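Colleague: I'd like to go over a predicted model; first the sequence, then the structure.
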Amino acid sequence: MNLLLKLIVFIVPTTFLLLFFMILTNEDTYPGADYDQFLIPEFELKVLDNTITVNNDLLNGDYVLNVWASWCITCIIEHPYLTSLSKNGIPVIGLNYKDEQEDAIIWLKKYGNPYQTILHDYKGNLALDLGVTGAPETFLISDGKVIAHYQGEVNDQIWNDVFLPIIKDRKMF
Amino acid sequence: MIIEISHFLSVLATGLFLLVGYFSILTPSSNSSYISNLIVRTYSHGFFFLLSSFFIYVWLAITDNFSVQYIANHSNTELPIFYKISSIWSAHEGSMFLWIVFLSLWGFLFNIRVKNSEVLKPKTMGVISFILVGFLIFLLATSNPFVTILPIPPLNGADINPVLQDPALAIHPPTLYLGYVGFVIPFASAIAFLLYGDSKINWEALVKTWSVSAWVFLTVGITLGSWWAYYELGWGGYWFWDPVENVALMPWLAATAFIHSLGVSIKSSQLRIWTILLSILVFSLSLFGAFIVRSGIIDSVHAFANDPDRGLYLLGFIGLIVFTSVFLFILRLSRIQSLSRIKKFSKQSFISINNILFGALIFSVMLGVTYPLIYEFLFDQKISVGAPFYNAIFIPIVVLAAIFLFFSVDSKWSRSINFKFISAPISFSILFSLAFTLFVMQYFESQNISILASIFAGSLIIFRYIYEIINFIFSKKFINPFSVIAHMSLGLLLISISFNSLLSTERALSIDLNSTEAYKDLKISFKDIGVENNANYDSIKATFLVEDQTGRTFNLKPEKRRYFTRGQITTETAIHITFLRDIYITIGDQLDDGSWIVNIQINYLIRWIWLSALLMGLAGVILVFSNRVKT
């Protein structure tokens, strides 16, 4: 009985500590420092109007990937800015996140569609893989890699501060 | 220049605490009165150096000294003084500083309130000092708040995050920190007790008041955090199983079990193994909380900057503390075991059951927090563990614990009693609770077993204690005021949570200016919208006139603010509070057709949830003060 107790009080904390040590020393725990290496995980999703299924090939090129949903109020605020980006010739791809298809389509009819293509991520699997915590979030994508990620509403200030320097640096779009 | 004095004082304090630790634990004669006087005085000096260092830092923040990098990054000349001060704990370095100052404050209070003749005092001070040294080195080496921007400091600072410019936030972290680090006292005394190895010492009696005080701070801190997330972050509920809520809940559960177990050990030196293990567990879980938020291995509102070095240092230091404790525990195990067996149906037996149930809860929360991390590590895929997991575990265990509590009211210390299941108090409470639950089932047409079971369990406790109170009034039967208040608040908490999840609803509407929409029993008229300019933000302010079914009307004015310095947009909710429910409105954006999106929630009994938690805290306060009167 005593031996069992001794073993338990020793093994339980050891397990947790070892586990956290392994997580901390694992390179993938802090991907933020090394975005160039962050390949978009493999995925297969239907587009929003359910016509075709697409995979990673879609994102080979330079794109802005915007995570949105019809339930997301900030997405409405962000919407005019995305529209203006799209009008200025920047290809924006939408990732419709945990949303009902009908709601999303009604939303687009109401506000207009700035997206070249929209992926319908109903279960949020791709979003999880990308590290999405909510909507809206915006990624800068180059040849299947994530090179910048912003959580929250993109507006003129954010665009100029976060995305534009990288875009200029890499001569994208 | 002044910042260097502050920096130097912190380094000096580290050195003094190191000396205290050395003298009290590593020298053989630490119990001579000469050495123990030295320990007491050196600790107090160390504390005053650290406190002065902190006050200088606060002064620099108030006077906008932007040559200090941390202050430049987190404060701003436009801020009111109150927020200039609270900006210190709005990010990692400063909040760690405050955390350490609080830790040393508990040590200082223990140092001045406990007599030098107390045999465990020198070693307790030594353990506290070693912990302080570990954290001060962490602060100075990996997260130094004293770094300066020289020779040319910026003219103005970067402002604190607007969601943090709120009175609840200014007081919620300090309260919570006081709770977390307060458990250093029972922990350090337990370690001193194990180092000493004399089972005749009643270390439990020494730490009772201290432990309950820390528990009160933790309870109030968690409640404030929950309230802040509700009205400032616009989360619209009281609990979200966010990882950071969970790392506060675990020490709270452990501390609650610890306090109960402590009561047994003081009275009869039974359950000592539980009590010691729980004291180690509470403090380790408090440290674990600091590790989780400060290593950046989880994403959350509270997560500070990502830095693997900080994580590794903290993990190593926590590991050192935990393994030293576990080693000592194993070494002394045979000496602290109680030989007397616990009698069936005695108070002790119920408290051991409580310990086991709380242990199960803590383990499940730990699993919920770590499982996504383990899963991601092994399979490289992200998953999240949410409310369904926690509800599935918490509801049955808490209901079970409530039922055991209900039966334990009759039990006596160290005596087994014959249970009569048809005794007056038991049948009285079961009858009333059953009637209440059936009424709820009929009136609200609810078939939800979890909710009905929680309501039944909650009312069992309340009716049982009402019976005790009646008994006290008419036949002067003795009752424990803090036990009655704490346990009745638990009953109230269960019932409030159940009704909240049974009745609360929400909906998003789109509404035109000067038109009226109906939702449930409410008529909502959109009266006005306009832009207001303020010192550090612009806001769009809407006015809604809401009329309820009784014809009473009131205005609600939700806002959307845009802060200048960071360009961040925040949503200010408008809440109308009534006795039983909150009407909670947030405003979204204007649609192309000119109407506005408005989100309406009706939250039932949500104030009662916080009220019950605060009442639990109040019970702790009563216990602390009644104890002080006695001694």
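Modeller: Done, it's in. Residues are numbered from 1 along each chain as shown, chains lettered A, B, ... in the order given.
Colleague: going forward, measure contacts between C-alpha atoms and count neighbours the same way
Modeller: Will do.
Colleague: and the longest helix along chain A, what other elements does it pack with?
Modeller: Longest helix in chain A by number of residues (criterion: DSSP state H): helix A:2-25. In this structure, helix A:2-25 packs against helix B:308-336, helix B:347-379, with contacts taken as 3 or more CA pairs under 8 Å, 6 or more residues apart in numbering or on different chains; DSSP states H and E.
Colleague: can I get the CA coordinates of that helix in PDB?
Modeller: What follows is helix A:2-25 as a C-alpha-only set of coordinates in PDB (Å, rounded to 0.1, in the frame of the first residue of the first chain):
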ATOM      1  CA  ASN A   2       2.700   2.400   1.000                       C
ATOM      2  CA  LEU A   3       4.900   1.400  -2.000                       C
ATOM      3  CA  LEU A   4       1.900   2.000  -4.300                       C
ATOM      4  CA  LEU A   5       1.400   5.500  -2.800                       C
ATOM      5  CA  LYS A   6       5.100   6.300  -3.200                       C
ATOM      6  CA  LEU A   7       5.100   5.100  -6.800                       C
ATOM      7  CA  ILE A   8       2.000   7.200  -7.600                       C
ATOM      8  CA  VAL A   9       3.300  10.400  -6.100                       C
ATOM      9  CA  PHE A  10       6.500   9.900  -8.000                       C
ATOM     10  CA  ILE A  11       5.200   8.800 -11.300                       C
ATOM     11  CA  VAL A  12       2.300  11.300 -11.800                       C
ATOM     12  CA  PRO A  13       4.400  14.500 -11.600                       C
ATOM     13  CA  THR A  14       7.300  12.900 -13.500                       C
ATOM     14  CA  THR A  15       4.900  12.000 -16.400                       C
ATOM     15  CA  PHE A  16       3.500  15.500 -16.600                       C
ATOM     16  CA  LEU A  17       6.900  17.200 -16.300                       C
ATOM     17  CA  LEU A  18       8.500  15.000 -19.000                       C
ATOM     18  CA  LEU A  19       5.500  15.600 -21.200                       C
ATOM     19  CA  PHE A  20       5.800  19.300 -20.900                       C
ATOM     20  CA  PHE A  21       9.500  19.100 -21.400                       C
ATOM     21  CA  MET A  22       9.000  17.300 -24.700                       C
ATOM     22  CA  ILE A  23       6.400  19.700 -25.800                       C
ATOM     23  CA  LEU A  24       8.500  22.700 -25.000                       C
ATOM     24  CA  THR A  25      11.600  21.400 -26.700                       C
END
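Colleague: how big is the angle separating it from helix B:347-379?
Modeller: Per axes from the mean of the first three to the mean of the last three CA atoms, to 10 degrees, the angle that helix A:2-25 makes with helix B:347-379 is 40 degrees.
Colleague: I'd like the next helix or strand past the worst-scoring helix or strand of chain A on mean pLDDT.
Modeller: Using mean pLDDT, DSSP states H and E, helix A:125-130 stands out as the lowest-scoring helix or strand of chain A, at a mean of 78. Next helix or strand after helix A:125-130 toward the C-terminus (DSSP states H and E): strand A:137-142.
Colleague: And the very next helix or strand once past that following strand, what's buried?
Modeller: Sequence-wise, the next helix or strand downstream of strand A:137-142 (DSSP H and E) is strand A:145-151. For strand A:145-151, a neighbour-count test (16 or more other CA atoms under 10 Å in any protein chain shown) marks A:145-150 as buried.
Colleague: What is strand A:145-151 packed up against?
Modeller: Here strand A:145-151 touches strand A:137-142, going by 3+ CA pairs under 8 Å, 6+ apart.
Colleague: ok, and what's touching the strand it packs on?
Modeller: A:59-68, A:146-154, A:163 (CA atoms under 8 Å, 6 or more residues apart in numbering or on different chains).
Colleague: just the buried members of these?
Modeller: Buried among these (16+ other CA under 10 Å): A:59, A:62-68, A:146-150, A:152-154, A:163.
Colleague: coming back round to it: show me which residues of the least confident helix or strand of chain A are buried.
Modeller: A:125-127, A:129-130.
Colleague: now, which of those sits nearest chain B?
Modeller: Using CA to the nearest CA, A:Asp129 comes nearest to chain B of the buried residues of helix A:125-130, at 6.2 Å.
Colleague: isn't that closest one right next to B:Lys382, touching?
Modeller: Yes: between A:Asp129 and B:Lys382 a contact is recorded at 6.2 Å, counting by CA atoms under 8 Å.
Colleague: Then B:Gly530 would be within a strand, right?
Modeller: Yes: counting by DSSP: H, G, I helix; E, B strand; the rest coil, one finds B:Gly530 located in a strand.
Colleague: What residues does it make contact with?
Modeller: Contacts of B:Gly530 (CA under 8 Å, 6+ apart): B:540-542.
Colleague: Check B:Phe625 too.
Modeller: By CA under 8 Å, 6+ apart, B:Phe625 lies in contact with nothing.
Colleague: Next, the buried residues of stretch B:48-65.
Modeller: B:48-54, B:56-62, B:64-65.
Colleague: try stretch B:265-281
Modeller: Residues B:265-266, B:269-281 are the ones in stretch B:265-281 that count as buried (16+ other CA under 10 Å).
Colleague: can you list the residues that contact that stretch?
Modeller: Residues contacting stretch B:265-281 (CA under 8 Å, 6+ apart): B:183, B:186-187, B:190, B:202, B:204-205, B:251, B:254-255, B:257-258, B:261-262, B:264, B:322, B:325, B:333, B:336-338, B:340, B:342, B:348, B:352, B:355, B:414.
Colleague: and that stretch, how far out from the chain's middle?
Modeller: 22 Å (CA atoms, centre = their mean, to the nearest Å).
Colleague: what about that stretch, how long is it end to end?
Modeller: One end of stretch B:265-281 sits 17 Å from the other (CA to CA, to the nearest Å).
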